[in-house]
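Trainee: Curious how this folds, go ahead:
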Amino acid sequence: MESVFQGQTDFSQFNISWYNPGPRWKLILWFLTSSIFINTYLPIPISLKVIVLRLFGAKIGKKFVIKPGVNIKYPWLLQVENEVWIGEQVWIDNLSEVRIGSNVCLSQGAMLLTGNHDYSRSTFDLTTQPITIADGVWIGAKAVVCAGVHCESHAVLAVNSVATRSLDAYGIYQGNPAVWVRQRNIRA
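Mentor: Modelled structure (predicted):
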């Protein structure tokens, strides 16, 4: 068998100087505020959570529901339309913009990951891509949506599944990586 040079990673060369999510004071203030109002199990009213998120630049629509223990990296990169439910321990790791349409449900422990690393580079470069979740989408409990994925209208990502590619409208996806398993039909 022919040997192939596989290379090595070198974290000493890792550089994210190009990435600037905001001024340092804002990041620290958000970290402290979030731990008190958003990523907490204190009985904070949703209306107060919405005010806090909007103060930090999130665009939040009407009738927003957010459960305890939600982790939002940078609210100023978050846009949420009307009638959205965000379950307990959802993690929105939005190094890049996340757009969530109306009537979307992110179930318990779901993760939206806009960041990744280029494992083919010795420098393990950080990459970011936005995530778009269209109207009516349901992201199941502990499911993961990866960077650059578009979840089209009323798609479903089943429990513990991982979306590495975009989801078609009204498709139900399952597995790791998630694959289309059937059509979603919605009765009135």
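
Trainee: from here on, contacts and neighbour counts on C-alpha atoms
Mentor: OK.

Trainee: List the contacts of the residue positioned nearest the centre of the chain.
Mentor: In the chain, the centroid-proximal residue (CA atoms, centre = their mean) is Leu112; its distance is 2.1 Å. By CA atoms under 8 Å, 6 or more residues apart in numbering, Leu112 lies in contact with 91-94, 131, 144-147.

Trainee: Name every strand pairing with the host helix or strand of it and say which way it goes.
Mentor: Using DSSP states H and E, Leu112 sits within strand 111-113. Strand 111-113 sits in its sheet next to strand 91-93 (parallel), strand 144-145 (parallel), going by DSSP bridges.

Trainee: most packed of these?
Mentor: Across the strands paired with strand 111-113, averaging neighbours per residue (mean count of other CA atoms under 10 Å) puts strand 144-145 on top, at a mean of 26.

Trainee: so for that strand, what's the average pLDDT?
Mentor: Taken as a whole, strand 144-145 carries a mean pLDDT of 98.

Trainee: before we move on, back to that, next, format the strands paired with strand 111-113 as CSV and append distance to Leu167.
Mentor: Shown next, in CSV, are these (distance: least, CA to CA, whole Å):
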stretch, distance to Leu167
strand 91-93, 18
strand 144-145, 10
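
Trainee: Out of the ones you listed, flag the one nearest Val65.
Mentor: Closest to Val65 of these, according to CA to CA: strand 91-93, at 14.8 Å.

Trainee: For the very next helix or strand once past the closest one, the averaged confidence score.
Mentor: Per DSSP H and E, the first helix or strand lying C-terminal to strand 91-93 is strand 98-100. Strand 98-100 carries an average pLDDT of 98.

Trainee: low-confidence ranges in this structure?
Mentor: Scanning the chain for pLDDT under 70 picks out 1-4.
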